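K.L.:
Predicted model and sequence below, questions to follow.
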Amino acid sequence: MSHDHSSCCGGHGHHHGHADHHTPAEGHADLSGPPEAPILVEVTRGGMVESVHRGRACIVDSAGHVLAQWGDIEAPVYPRSAVKALQAIPLVETGALDAYGLGDQELALACSSHHGEIRHTRLAEAWIRRLGLTVGDYECGAHLPTDTETAHEMIRHGETPTAFHNNCSGKHAGFLTTALHKGEPTKGYVRFDHPVQQRILGVMEQMTGQDLSQAPWGVDGCAIPTIGIPLGAIAYAMARIGDPKDLPDARAEAVTRIRRAWRAHPHLIAGKDSFDTGMMQAAGGLVLVKGGAEGVGCAVLPKQGLGIALKIDDGAPRAREVALAALIRATKVLSDEQWARAGQLLNQPVTNRNGREVGVVRAAEGVAG
């Protein structure tokens with residue numbers, strides 16, 4: 001990836017957040033360690049900043065130029081669920097989506113971390129039934145819906161959550177669809193060496209421009225591999241979803257269809273009262289966003305052909321949301337009217353038990369643009 005140090009963020013460019021390094025005196029070990037990541041988010045209470053969240057972030061264009069950078073973006077991070085759009089590419093590219101007569105709703109669900117509302121679980125259930133499979137073919141595990149209202153309703157009725165309620169059930173339905181279409185075993189589809197995951201690894205390499213053969217990897221919450229990728233390369237892949245002009249024809253068509261589904265169904269991507277859905281609804285299709293576990297967030301700005309990626313060091317979702325909103329704001333892609341709808345996403349109130357606002361979660365100076 002080439003580095004263009006010009007900045008689209010009001011002058012906050014490449015050097016942002018880098019601590020000064022001093023050469024240690026002769027005979028003394030350098031105990032300072034790597035430079036500390038910059039503070040991206042502050043949490044206030046009353047007239048004081050009570051807590052801070054450090055992290056790394058960047059804005060990259062589809063040619064691979066880094067337009068703005070905060071902290072080290074070369075170190076690998078686990079992108080977790082923030083790259084589900086990349087993991088959905090084989091579902092379209094292999095012809096599996098069309099072979100089973102699936103459409104934009106299923107494709108959006110494949111890119112989602114849904115909240116387990118009834119509209120999400122019904123769609124997942126109908127999809128699995130169409131494949132001739134059952135919930136028992138899922139290998140993602142089960143958890144209560146992350147939508148509080150739905151979870152409380154289930155508890156009241158004594159219902160046990162199934163894998164359909166798993167926030168990744170759409171993505172896993174996509175994996176099963178691809179395996180069936182390619183004549184591959186469905187059992188073990190989450191394993192690193194399964195053709196489904198190896199195919200995704202190849203897609204990730206091409207989209208990020210990285211050799212990932214020696215990359216660190218771990219097991220995600222939903223049991224699939226998650227691969228360590230430099231933050232800048234993740235942003236680059238997002239930019240290429242926004243502007244796929246340099247991609248091979250079949251892949252460019254696949255990402256265009258994914259982008260259309262992602263844009264058309266913001267509620268399927270997450271759910272009510274969520275940052276991702278709220279941000280996309282306010283943006284009216286100008287920004288596509290996707291959060292992941294442990295403070296990872298990505299955004300695609302299709303009109304500008306830009307990608308954004310960030311990682312909050314302590315993994316806090318509240319910091320990821322505010323920082324991602326601030327980075328989007330810095331690109332100036334949205335109007336004041338759109339920000340009037342999305343304002344609370346940029347400065348999230350801290351409330352006490354009486355519901356009174358006592359502070360705010362906000363972007364740190366130099367990130368807010």
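P.N.:
Received the coordinates, thanks. Numbering: from 1, shown residues only.

K.L.:
what comes up buried for the helix or strand bottoming out on mean pLDDT in the chain?
P.N.:
Scoring the helices and strands of the chain by mean pLDDT, DSSP states H and E places helix 336-346 at the bottom, with a mean of 89. Using 16 or more other CB atoms under 10 Å as the test for burial, helix 336-346 gives 338, 339, 341, 342, 345, 346. In this view, the C-beta of every residue, glycine as well, is placed from N, C-alpha and C.

K.L.:
of the residues you listed, closest to residue 78?
P.N.:
Relative to residue 78, the closest of these is residue 345; by CB to CB it sits at 24.4 Å.

K.L.:
Show the contacting residues for that closest one.
P.N.:
Going by CB atoms under 8 Å, 6 or more residues apart in numbering, residue 345 touches 275, 278, 279, 282, 321, 322, 325.

K.L.:
after the least confident helix or strand of the chain, next one along is what?
P.N.:
strand 348-351 (DSSP states H and E).

K.L.:
mind listing what that next one pairs with, with the direction of each?
P.N.:
Each strand paired with strand 348-351, and its direction, by DSSP bridges: strand 357-363 (antiparallel).

K.L.:
Run the angle between the strand it pairs with and helix 336-346 for me.
P.N.:
Put simply, strand 357-363 runs at 110 degrees to helix 336-346, going by axes from the mean of the first three to the mean of the last three CA atoms, to 10 degrees.

K.L.:
which parts of strand 357-363 are buried?
P.N.:
Buried residues in strand 357-363 (16+ other CB under 10 Å): 359, 360, 361, 362, 363.

K.L.:
And the residues you listed, which is closest to residue 206?
P.N.:
For the buried residues of strand 357-363, the nearest to residue 206 is residue 363 (33.0 Å; CB to CB).

K.L.:
ok, for that closest one, nearest residue in space, not its chain neighbours?
P.N.:
residue 326 (3.5 Å; CB to CB, 6 or more residues apart in numbering).

K.L.:
Reformat the buried residues of helix 336-346 into CSV and put distance to residue 129 next to each item.
P.N.:
Formatted as CSV, these follow (distance: CB to CB, whole Å):
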residue, distance to residue 129
338, 39
339, 42
341, 37
342, 37
345, 36
346, 41
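
K.L.:
So, low pLDDT: which residues of the chain?
P.N.:
Counting by pLDDT under 70, the chain shows low-confidence ranges at 1-34, 368-369.

K.L.:
which ones are touching the most centrally placed residue in it?
P.N.:
Nearest to the mean C-alpha position of the chain, by CA atoms, centre = their mean, lies residue 82 at 2.0 Å. By CB under 8 Å, 6+ apart, residue 82 lies in contact with 234, 290, 291, 292, 296, 297, 298, 309.

K.L.:
So residue 256 belongs to a strand, correct?
P.N.:
No. With DSSP: H, G, I helix; E, B strand; the rest coil as the criterion, residue 256 is helix rather than part of a strand.

K.L.:
What is the burial count for the residue nearest to it when sequence neighbours are not counted?
P.N.:
Leaving aside its sequence neighbours, residue 256 sits nearest to residue 244 (CB to CB, 6+ apart; 6.4 Å). When neighbours are counted by other CB atoms under 10 Å, residue 244 registers 22.

K.L.:
quick check, residue 244 in a helix?
P.N.:
No. Assigned with three-state DSSP, residue 244 falls outside any helix and is coil.

K.L.:
Can you report how many residues lie near residue 195?
P.N.:
16.

K.L.:
Then residue 141?
P.N.:
15.

K.L.:
Would you confirm that it contacts residue 161?
P.N.:
No. In this structure, residue 141 is not within contact of residue 161 by CB atoms under 8 Å, at 9.8 Å.

K.L.:
just the CA coordinates of the strand ranked longest in the chain, formatted as CSV?
P.N.:
Of all segments of type strand in the chain, defined using DSSP state E, the longest is strand 48-61. Extracted as CSV, the C-alpha positions of strand 48-61 are listed here (Å, rounded to 0.1, in the frame of the first residue of the first chain):
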residue,chain,number,x,y,z
MET,A,48,-14.1,16.6,33.7
VAL,A,49,-12.8,13.9,31.3
GLU,A,50,-13.3,10.8,33.4
SER,A,51,-12.1,8.1,31.0
VAL,A,52,-10.3,7.9,27.6
HIS,A,53,-10.1,5.2,24.9
ARG,A,54,-6.9,4.9,22.8
GLY,A,55,-6.9,3.3,19.4
ARG,A,56,-5.7,3.4,15.8
ALA,A,57,-7.6,4.4,12.6
CYS,A,58,-7.2,5.3,9.0
ILE,A,59,-9.0,6.6,5.9
VAL,A,60,-7.7,5.0,2.6
ASP,A,61,-8.8,5.4,-1.0
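
K.L.:
Parallel or antiparallel, list what pairs with it.
P.N.:
When DSSP bridges is applied, strand 48-61 pairs with strand 39-45 (antiparallel), strand 66-70 (antiparallel), strand 306-312 (antiparallel).

K.L.:
can you list the ones you listed in TSV and add distance to residue 128 and mean neighbour count?
P.N.:
Shown next, in TSV, are the strands paired with strand 48-61 (distance: least, CB to CB, whole Å; neighbours: other CB atoms under 10 Å):
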stretch	distance to residue 128	mean neighbour count
strand 39-45	39	21
strand 66-70	41	26
strand 306-312	32	28
